[in-house]
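Peer 1: Got a predicted model here, sequence first, then my questions.
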Amino acid sequence: MFESVEEVQRKLAEQDYICDKNIATVVFLASRLEKPVLVEGPAGVGKTELAKAVSKATGRHLIRLQCYEGLDEAKALYEWEYSKQLLYTQILKEKLAEVMAGATSLRDAADRVAQEDSVFFSSRFIVPRPLLAAITADDPTLLLIDEVDKSDPEFEAFLLEVLSDFQVSVPEIGTFDAKQKPIVFLTSNDAREMSDALKRRCLHLYIDFPNGELETRILETKVPGVAHRLAEELVGVMQRLRKLDLKKTPSISETLDWARALLALNASTLNEELVKDTLNVILKYEGDIKKAHGELGRLIARKAEDEAAKPAAAPGGAPAAPAAAKKGSLH
């Protein structure tokens, strides 16, 4: 699958997913050790995208289970296709009558019908949900259990059994063992703390907001056509916005949305008016927007200070060398 950590970085980059060595190492170990990965971090930093990128890089079919409050085993594992069972019952009504012919009591008739249970409770009437689909798949798969922190603790306990043995029991049929063990990613936005038992079964990965350099690389990869100067200015403002006390801190997904919005407006550089007019693209609460309005002058002034701090041009148009460089470099 992956021969080295460096190959993970390269193959993910081919899928336009830029990651650091820490992320690549966890992905490599997960593939070698066949252990699930619990990916935690703020919303919008690329947890789900990581699973999608690994799926494409490895050629595995992606099966996704979106978690929510009240999710139960039936929605995650399988359901019986009752309408199809009813249709077969109607079609086979005459056959059923033959089976019950000669029954001397209701109990006798019921016993005869019960002997035919395997006809109506078989794999042809099962609707596989994500967990069963991943376990019974003939080809290698990647199972993404998205936002597991939104599910109930009872469902988390059920997941422990599935992730430990990679098998599912259907009382009417029997046990399904994984034909090929899937790669498993679980994502969490830290809505609640995951249990120690779940964490013990998983490799842990925390994805935080990227630094300015990495975020610029991600932006230029995901939004082709954005000028390097605009990308740096945009990322600089985003980095400073995240230091404010906001109800919802803007993430990488908002950075990409903002870049696309600025391209649509044919912007080549940022100014206070443009930032003010487009803040609603990256901030989702009115209180956050008002707070950012009060800081706009400082953000733009900071950018101006950065520009002023650049070395002045020497005669002939070349930048003047820093004093330290004139004396010689240690490198």
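Peer 2: Yep, that arrived.
Peer 1: neighbours around the residue lying closest to Lys75 once chain neighbours are set aside, how many?
Peer 2: Nearest residue to Lys75 in three dimensions, chain neighbours excluded: Arg129, at 6.0 Å (CB to CB, 6 or more residues apart in numbering). Where C-beta positions appear, they are placed from N, C-alpha and C, glycine not excepted. Neighbour count of Arg129, defined by other CB atoms under 10 Å: 17.
Peer 1: what's near enough to touch Arg129?
Peer 2: Going by CB atoms under 8 Å, 6 or more residues apart in numbering, Arg129 touches 65, 74-79.
Peer 1: again with Glu7
Peer 2: Phe28.
Peer 1: and the spatially most central residue of the chain, backbone torsions?
Peer 2: Nearest to the geometric centre of the chain sits Thr48, at 0.9 Å (CA atoms, centre = their mean). Main-chain torsions, Thr48, degrees, to the nearest 10: phi -70, psi -40.
Peer 1: Helices of the stretch 151-300 of the chain, start to end?
Peer 2: With helices called from DSSP state H, counting those that start in this stretch, the stretch 151-300 of the chain shows them at 153-165, 196-200, 212-222, 228-241, 252-264, 272-282, 286-308.
Peer 1: if I look at Gly41, how far off is Thr48?
Peer 2: According to CB to CB, to the nearest Å, Gly41 stands 11 Å off from Thr48.
Peer 1: ok, now Pro250?
Peer 2: Pro250 is 17 Å from Thr48, by CB to CB.
Peer 1: Excluding residues flanking it in the chain, which one is nearest Gln15?
Peer 2: Ala53 (4.3 Å).
Peer 1: Report pLDDT for that neighbour.
Peer 2: Per-residue pLDDT puts Ala53 at 97.
Peer 1: Now it: which helix or strand?
Peer 2: Assigned by DSSP states H and E, Ala53 belongs to helix 47-58.
Peer 1: chain center to that helix, what's the gap?
Peer 2: Chain-centre distance of helix 47-58: 8 Å, with CA atoms, centre = their mean, to the nearest Å.
Peer 1: Going by neighbour count, list what's buried in it.
Peer 2: By neighbour count on 16 or more other CB atoms under 10 Å, the buried set for helix 47-58 is 47-58.
Peer 1: What is the nearest of those to Glu295?
Peer 2: Nearest to Glu295 among those is Lys47, at 28.5 Å by CB to CB.
Peer 1: thought that closest one was touching Asp208?
Peer 2: No: counting by CB atoms under 8 Å, Lys47 does not reach Asp208; the two are 11.0 Å apart.
Peer 1: so where's the stretch 1-150 of the chain shaky on pLDDT?
Peer 2: 82, 84-85, 88-89, 92-104, 108-122 (pLDDT under 70).
Peer 1: That one: helices as residue ranges?
Peer 2: Under the criterion DSSP H, counting those that start in this stretch, the stretch 1-150 of the chain contains helices at 5-14, 21-33, 47-58, 73-76, 82-91, 93-100, 106-114, 117-120, 130-136.
Peer 1: Could you check the angle the first one makes with helix 47-58?
Peer 2: Looking back up the chat, that one is helix 5-14. Put simply, helix 5-14 runs at 100 degrees to helix 47-58, going by axes from the mean of the first three to the mean of the last three CA atoms, to 10 degrees.
Peer 1: buried set for helix 5-14?
Peer 2: Within helix 5-14, the residues that count as buried by 16+ other CB under 10 Å are 5, 8-9, 11-13.
Peer 1: With the last one instead?
Peer 2: Judged by neighbour count (16+ other CB under 10 Å), helix 130-136 contains these buried residues: 130-136.
Peer 1: which one of these is nearest Leu279?
Peer 2: Pro130 (37.8 Å).
Peer 1: pretty sure that closest one contacts Arg64?
Peer 2: Yes: applying CB under 8 Å, one finds Pro130 in contact with Arg64, separated by 6.5 Å.
Peer 1: picking that back up, packing partners for the helix holding Ala53?
Peer 2: Here helix 47-58 touches helix 5-14, helix 21-33, strand 37-40, strand 61-66, strand 141-146, strand 183-188, going by 3 or more CB pairs under 8 Å, 6 or more residues apart in numbering; DSSP states H and E.
Peer 1: what's the pLDDT at Ala301?
Peer 2: In this model, Ala301 carries a pLDDT of 58.
Peer 1: hang on, the earlier thing: residue contacts, the residue nearest to the centre of the chain?
Peer 2: Per CB under 8 Å, 6+ apart, neighbours of Thr48: 144, 146, 187.
Peer 1: Make TSV out of the buried residues of helix 47-58 and add distance to Lys21.
Peer 2: Formatted as TSV, those follow (distance: CB to CB, whole Å):
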residue	distance to Lys21
Lys47	18
Thr48	21
Glu49	18
Leu50	14
Ala51	19
Lys52	20
Ala53	16
Val54	16
Ser55	21
Lys56	20
Ala57	16
Thr58	19
